[in-house]
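Asker: How does the following fold in three dimensions:
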Amino acid sequence: MTPLVCLLTGGHSRRMGKDKAGLYRDCATQAIWLSLLVKEVVGPRVIEVGGTWTHGDAYLDAGLGPAFALHEAARAGVLGHSGTVIVLPIDLYRLEATGLRWFVREGLRMPSVLVVDQTPSWVTFGAPVEILLHRPQDGSLRALTSQLRPLKVPPSLEGQFRDSDYPWELPTTVSAP
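Answerer: The predicted structure follows:
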């Protein structure tokens, strides 16, 4: 089964100082680059949550955050009626095909929240559509996905799943527009 992948491209990016989705990597914005990687590795079903960077299927969060946007997308049938949704934050600037393949395989095998450096990354998970149909109690992804199993990233892939919140954490291949 090919999962639907949701890219979280919204947010204020206050710590970064610039919109993370709009930073450039290999002559394309991060949002376009990540969308193309997902389409190459996983398949064509990519939904953007929170913005309109990818010029694809976007589901805006109306300022209520990604948990509510995913919930509303599930209720509207945008995510399908069954199956698994893989959710990735836009600031995985080091993600490669190897890491993406591993995470999608594991997320399809069992609903999971990624654990990096012993900490759950509540914005990186694979969840059944049924979970996303439940209204998030406090509006957070953590509350929405708290019943998912923790999935520890293998040491060889850990670097691919470390997000970048500050400019000094960016790889040299990423730059501001």
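Asker: Quick check: phi and psi on residue 100?
Answerer: Here the main-chain torsion angles of residue 100 (degrees, to the nearest 10) amount to phi -60, psi -40.
Asker: and the closest residue to it other than its chain neighbours, what does it touch?
Answerer: If you skip the residues right next to it in sequence, residue 100 has residue 41 as its closest partner in space, 4.9 Å away by Cβ to Cβ, 6 or more residues apart in numbering. (Glycine included, C-beta is placed from N, CA and C.) Residues in contact with residue 41, defined by Cβ atoms under 8 Å, 6 or more residues apart in numbering, are 97, 100, 101, 104.
Asker: Return a PyMOL selection command for the buried portion of these.
Answerer: Per 16 or more other Cβ atoms under 10 Å, the buried members of those correspond to this PyMOL selection:
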select buried, resi 100+104
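Asker: what helices or strands is the helix or strand containing residue 105 leaning on?
Answerer: Under the assignment given by DSSP states H and E, the secondary-structure element containing residue 105 is helix 97-109. Here helix 97-109 is seen to pack against helix 30-41, strand 84-89, strand 119-128, strand 149-152 when contacts are counted using 3 or more Cβ pairs under 8 Å, 6 or more residues apart in numbering; DSSP states H and E.
Asker: okay, these, which one's buried deepest?
Answerer: Relative to the other members of the helices and strands packed on helix 97-109, strand 84-89 carries the highest mean neighbour count by mean count of other Cβ atoms under 10 Å, namely a mean of 25.
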